[in-house]
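**Q** Sharing a model prediction with you, sequence too.
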Amino acid sequence: MDPLGETDARELRIFLESVLCDLCRFLHAARDGVAPAETQIHQKVRLSPGAFADIRVAAGRLPLYFIEMDIGYSRPRVIESMRLG
């Protein structure tokens, strides 16, 4: 059995996503000179039917990217969720 209960795992995941979003804003401000207000972050993004990403980051004019949190999922499950089409 999973050492974390289902509720605890969900809360941990939400907390970590929030920290990652803040970290992305700080990283792009410090490293790339992109003001935090110019970094757009969206959570639970649909990529295509049946494919989702946890976080989408668009920092100023930099190429956008996605972050996938794999807490609670096997590597093959994460890869499958990221496949397009």
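**A** Okay, I see it. Numbering: from 1, shown residues only.
**Q** so where does the residue nearest the centre of the chain fall, helix or strand?
**A** Note on the chain: the residue nearest the mean C-alpha position is I55, at 2.8 Å, using CA atoms, centre = their mean. Assessed by DSSP states H and E, I55 sits inside strand 51-59.
**Q** ok, for the residue nearest to the centre of the chain, nearest residue in space, not its chain neighbours?
**A** Computed as CB to CB, 6 or more residues apart in numbering, the closest residue to I55 that is not its neighbour in sequence is I67, at 4.0 Å. C-beta coordinates here come from the backbone N, C-alpha and C atoms, glycine included.
**Q** mind listing what the nearest residue to L62 once chain neighbours are set aside touches?
**A** If the residues on either side of it in the chain are set aside, L62 comes closest to D32, at 6.3 Å by CB to CB, 6+ apart. Contacts for D32 (CB atoms under 8 Å, 6 or more residues apart in numbering) come out as 59-60, 62.
**Q** secondary structure class for P63?
**A** Classification of P63 by DSSP: H, G, I helix; E, B strand; the rest coil places it in coil.
**Q** list the contacts for it?
**A** Under the criterion of CB under 8 Å, 6+ apart, the contact list for P63 is empty.
**Q** do the one 3 residues further on as well
**A** Residues near F66 by CB under 8 Å, 6+ apart: 45, 47, 53-57, 82.
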